[in-house]
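Trainee: Next comes the sequence, and after it the predicted model I'd like to discuss.
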Amino acid sequence: MLPNLKRKKLMGSGSFGSVYKAEWNGGPVAVKILHEKLFTCPRNEYLAQFEAECKILQNLQHKNVVTLLEFIISHTSPPMLVTELLDCDLGKYIANCHPGRIPYSETVSIMLDVAEGLAYLHQQNPPIVHRDLASKNILLTKERQAKIADVGLAIVLPKGEQNYCSPVPGTPVYAAPETFHPDYDPIFPVSRGRSRVEYDNKIDIFSLGITLMEVINGRLPSPKPWTPFTKDGRQIPEKERRQSDIEMMGEHKLKDIVFCCIKDSPKKRPSAKELAELFQCESEKVQQKERIVMGGKTPKIEVAVLGESGVGKSSLILRYSDHIFFQEIVPTFGMDFKNSTIRLHDREFTLRIVDTAGQEKCQSIVPQLIRNVQGIAIVYDVTNKSSFTKGVPRMHQFIKNCAPDNVSLILVGNKTEERGRVITRKRGENCAKQLGINYIETSAKTGLNVEEMFRMIANEIYGNLDLSDIDVYISSRERESNLGTESSCNC
Ligand SMILES: Nc1nc2c(ncn2[C@@H]2O[C@H](COP(=O)(O)OP(=O)(O)OP(=O)(O)O)[C@@H](O)[C@H]2O)c(=O)[nH]1
Ligand SMILES: [Mg+2]
């Protein structure tokens, strides 16, 4: 036993051991005492290997991996692992906290955490394969940050090599088909270990996909039949075995990620890093949507207009919101904004338009102004060469450095009714094409295409963030504000 360790309440026991709440050096920890039966044959050899692995695991430091604080391996008693203490596990959270389903935004953030933790493990040299990723091994903090637990049961793979291993631990429901041997008998599961099977870190990706399906459906997946092989040794495709769970997901937005993860061929499954990028992208969309519904009853989208001084940014905004045009207009100092209403796909939105100052001396606040916007119109003056050749790349750089990654952009050539045009439509179009964005030509003076310009950027945002489900966010915000800040978890 460790000095200063006070074992308290039993929290649960699983296939690998019993977990206790404890106090160590005055702080709360979890203590896992592994089952004696895991340390049979040949004991010394196994313990030495286990100790070596624990030393590696003790050096892991990642916000989404449960920290191994200490371990004790002796020849007289079962190994004991001391880890940080978390609030509850994902399996219990699915079952207890949300009798319905976990909200979409939380699903995305939990899965992002899991994918990031897994990417960290897989990027170790040699890579660490978890082998038993499941909702019971994903722990949650009070703030619902997810951390991968039980990494101690992983094996350390030689870099870039596949491993020929003995039994794969874990629940068969989450297990990739390559971890089963055709002889596997679900009634006598010990036969799963009789023959060696070949696998790599993509088995964790498969398990992540199944865990995601569990979160989406709010219930433990139930493949039929239980093994991926028929009696005559034919492999049953996972999509066939898991048809009822797949149907239950309906048209859920993350179902394609599940499909990628549970591909029969491990090589076709994405890496944990690729998954983390996908969830990150989705998480940014969710954050934007939450921002859009934050302000009140009508969802509010925010657009900034950027461009060099004098290209007509304020004039375009005034023409759009107040239907007026001034030949003489003072340069914008700092920033300004206008609110108006716009209907998109039969839904009313407030369109908040942020007017930025083009003068260089005022541009230090631009990064702050565009940090949270959903769309940006880059404007140049078709009669002013440098507003196009210098201004557009400069604005684009600003956007790359400071705006959200998923911001919608359009390029606008203004003052088209003026004589003395120097930038042709073709050049404007080509530039937009190179940037991968849409292009429109306007005149704030005559009003040509001004309405269309703002509608274009608003529609870009609508499509880019997929705002068709914005009402779901509105009702969940209303529910949350009715509930207050109290957590609904009773684990
Ligand atoms: N002919 C013509 N003049 C325009 C048009 N749009 C704006 N202007 C004129 O261009 C000048 C600058 O317009 P602003 O709207 O102040 O330009 P801005 O981009 O807001 O400039 P800053 O606030 O300094 O960044 C004014 O004299 C406007 O009247 C247009 O479409 N056609
Ligand atoms: Mg202005």
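Mentor: Looks like it arrived, so ask away. Ligands and ions are numbered 1, 2, ... in the order given.
Trainee: which bits of the chain sit near ligand 2?
Mentor: The chain comes close to ligand 2 at residues 313-314, 332, as judged by Cβ under 5 Å from the ion. (Glycine included, C-beta is placed from N, CA and C.)
Trainee: one more time with 6 Å, if that's ok
Mentor: 313-314, 331-332, 355 (Cβ under 6 Å from the ion).
Trainee: Widest-spaced pair of the residues you listed?
Mentor: Spanning the widest gap among the residues of the chain next to ligand 2 are Pro331 and Asp355, at 10.8 Å by Cβ to Cβ.
Trainee: For the two, indicate the residue with more neighbours.
Mentor: Legend: neighbour count by other Cβ atoms under 10 Å for Pro331 and Asp355, higher for Asp355 (20 against 12).
Trainee: residue contacts, the closest residue to the more buried one other than its chain neighbours?
Mentor: Nearest non-adjacent residue to Asp355, counting by Cβ to Cβ, 6 or more residues apart in numbering: Asp336, 4.2 Å away. Applying Cβ atoms under 8 Å, 6 or more residues apart in numbering, we find Asp336 in contact with 314, 317, 354-355.
Trainee: Regarding Lys8, what is its secondary structure?
Mentor: strand (DSSP: H, G, I helix; E, B strand; the rest coil).
Trainee: Just want the phi and psi numbers for Pro223.
Mentor: The phi/psi pair for Pro223 (degrees, to the nearest 10) reads phi -70, psi 150.
Trainee: Is it in contact with Ile246, as I believe?
Mentor: No: at 10.3 Å, Pro223 does not count as touching Ile246 under the criterion of Cβ atoms under 8 Å.
Trainee: quick one: Ile410 from ligand 2, how far?
Mentor: 18 Å (Cβ to the ion, to the nearest Å).
Trainee: Secondary structure element holding that residue?
Mentor: strand 408-414 (DSSP states H and E).
Trainee: Glu480 now?
Mentor: Assigned by DSSP H and E, Glu480 falls in helix 470-483.
Trainee: Against which helices or strands is that helix packed?
Mentor: Secondary-structure packing of helix 470-483 (3 or more Cβ pairs under 8 Å, 6 or more residues apart in numbering; DSSP states H and E): helix 104-122, helix 272-292.
Trainee: Mean neighbour count added to those, as a markdown table?
Mentor: Putting these into a markdown table (neighbours: other Cβ atoms under 10 Å) gives the following:
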| stretch | mean neighbour count |
| --- | --- |
| helix 104-122 | 23 |
| helix 272-292 | 19 |
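Trainee: Output those helices as JSON lines; include the columns distance to ligand 1.
Mentor: Below are the helices and strands packed on helix 470-483 laid out as JSON lines (distance: least, Cβ to the nearest ligand atom, whole Å):
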{"stretch": "helix 104-122", "distance to ligand 1": "37"}
{"stretch": "helix 272-292", "distance to ligand 1": "26"}
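Trainee: Output these in TSV; the columns should cover distance to Ile33 and mean pLDDT.
Mentor: Output for the helices and strands packed on helix 470-483, formatted as TSV (distance: least, Cβ to Cβ, whole Å; pLDDT from 0 to 100):
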stretch	distance to Ile33	mean pLDDT
helix 104-122	23	96
helix 272-292	30	96
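Trainee: Which strand residues bridge Ile33?
Mentor: As for beta bridges, Ile33 partners with Ser18, Met80 under DSSP bridges.
Trainee: what about it, how many residues close to it?
Mentor: Ile33, neighbours per other Cβ under 10 Å, totals 18.
Trainee: Not counting sequence-adjacent ones, nearest residue to Val66?
Mentor: Spatial nearest neighbour of Val66, excluding adjacent residues (Cβ to Cβ, 6+ apart): Ala149 at 4.3 Å.
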